[in-house]
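A.B. asks: just need the structure, nothing else, for what follows:
(2 chains)
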Amino acid sequence: AQKITQTQPGMFVQEKEAVTLDCTYDTSDPSYGLFWYKQPSSGEMIFLIYQGSYDQQNATEGRYSLNFQKARKSANLVISASQLGDSAMYFCAMREPGAGSYQLTFGKGTKLSVIP
Amino acid sequence: DAGITQSPRYKITETGRQVTLMCHQTWSHSYMFWYRQDLGHGLRLIYYSAAADITDKGEVPDGYVVSRSKTENFPLTLESATRSQTSVYFCASQGQQKNTEAFFGQGTRLTVV
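C.D. replies: You can find the predicted model right below:
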């Protein structure tokens, strides 16, 4: 079974609108972390936001927020006021420290296109 | 310059040749990782290292060898390259805190012909 599922291979959003990118995860470890990375066409991986499993509040970083629903095992990324520069691939990832390696397990990604 | 750097950025090699991808970080991070990125698969872990001289396999280790004699370097070697190893390779590092992000290199685009 996939540990991280991103069900939207591609999405379009109008400039200045908000968009939600879906991510569901699967783990039996009570302590885990969820991450979102952005990969623009230039190829680098850019960290956006982090949510710990014990965090009481949803994480926010500027225009990015994470809609964390623990019971549903979902960690959706919300981008407010989309900009043309938001066009990129977005990856959801999970870290399970119980595994000892601190590795990240990635979803397959969602390609976001912002339309002017 | 501080950060994590990979070399080369682009590499074309022939089937059967040995090729080494280099990764260097300046933060003295304990953990280092090699991922490969293929269309439709996201990023998959090849090998990781928790400290110098400590390495272990990830999800897709076959055909790859790593070493970590120094904390700052984590080279990845393809012992006998195959076309299926054509991919973009990312090195990453992170510190001891489990709630911190991993920092990625710029990636190496490897083509095996």
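A.B. asks: now do the contacts for the most far-flung residue of chain B relative to its centre.
C.D. replies: When distances are taken from the C-alpha mean of chain B, B:N99 lies farthest, 21.7 Å away, according to C-alpha atoms, centre = their mean. Residues near B:N99 by C-beta atoms under 8 Å, 6 or more residues apart in numbering or on different chains: A:G33, A:Y50, A:G52. C-beta here means a position set from N, CA and C on the backbone, and glycine is covered the same way.
A.B. asks: let me see the contact set for the spatially most central residue of chain B.
C.D. replies: In chain B, the residue lying closest to the centroid (C-alpha atoms, centre = their mean) is B:W34, at 3.0 Å. Counting by C-beta under 8 Å, 6+ apart, B:W34 makes contact with B:21, B:23, B:45-48, B:58, B:64, B:66, B:74, B:76, B:89-92.
A.B. asks: please apply the same query to B:E14.
C.D. replies: So B:E14 contacts B:A81, B:V112, B:V113 (C-beta under 8 Å, 6+ apart).
A.B. asks: change it to 6 Å
C.D. replies: B:E14 makes contacts with B:V113, as judged by C-beta atoms under 6 Å, 6 or more residues apart in numbering or on different chains.
A.B. asks: roughly how far does it sit from B:Q85?
C.D. replies: 12 Å (C-beta to C-beta, to the nearest Å).
A.B. asks: quick one: contacts for residue 50?
C.D. replies: Picked chain A for this. A:F35.
A.B. asks: the chain in question should be chain B.
C.D. replies: Residues counted as contacts of B:A50 (C-beta under 6 Å, 6+ apart) are B:Y31.
A.B. asks: name the helix or strand for it, please.
C.D. replies: In the assignment (DSSP states H and E), B:A50 maps to strand B:42-51.
A.B. asks: the nearest residue to B:R68 once chain neighbours are set aside: neighbouring residues, count only.
C.D. replies: Counting by C-beta to C-beta, 6 or more residues apart in numbering or on different chains, B:S49 is the residue found nearest to B:R68 once chain neighbours are left out, at 4.5 Å. By other C-beta atoms under 10 Å in any protein chain shown, 22 other residues sit near B:S49.
A.B. asks: show residues contacting the host helix or strand of B:Y89.
C.D. replies: Counting by DSSP H and E, the element that carries B:Y89 is strand B:87-94. With C-beta under 6 Å, 6+ apart as the test, strand B:87-94 has contacts from B:4, B:6, B:21, B:23, B:25, B:29, B:31-38, B:100, B:102-105, B:107-109.
A.B. asks: does chain A sit close to whatever helix or strand comes next after it?
C.D. replies: Following strand B:87-94 in sequence order, the next helix or strand is strand B:103-104 (DSSP H and E). Yes. Residues of strand B:103-104 contacting chain A under C-beta under 6 Å from any C-beta of the partner chain: B:F104.
A.B. asks: partner strands of strand B:103-104 and their direction?
C.D. replies: strand B:87-94 (antiparallel) (DSSP bridges).
A.B. asks: which parts of the partner strand are buried?
C.D. replies: Across strand B:87-94, burial judged by 16 or more other C-beta atoms under 10 Å in any protein chain shown covers B:S87, B:Y89, B:F90, B:C91, B:A92, B:S93, B:Q94.
A.B. asks: export the host helix or strand of the residue nearest to the centre of chain B to PDB, keeping only CA atoms.
C.D. replies: If you go by DSSP H and E, B:W34 is part of strand B:31-38. Provided in PDB are the C-alpha atoms of strand B:31-38 (Å, rounded to 0.1, in the frame of the first residue of the first chain):
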ATOM      1  CA  TYR B  31      21.700  12.400   7.800                       C
ATOM      2  CA  MET B  32      22.200  12.200   4.100                       C
ATOM      3  CA  PHE B  33      20.100  10.600   1.400                       C
ATOM      4  CA  TRP B  34      20.000   9.700  -2.200                       C
ATOM      5  CA  TYR B  35      16.700   9.700  -4.100                       C
ATOM      6  CA  ARG B  36      15.900   9.100  -7.700                       C
ATOM      7  CA  GLN B  37      13.000  10.900  -9.500                       C
ATOM      8  CA  ASP B  38      11.200   9.200 -12.300                       C
END
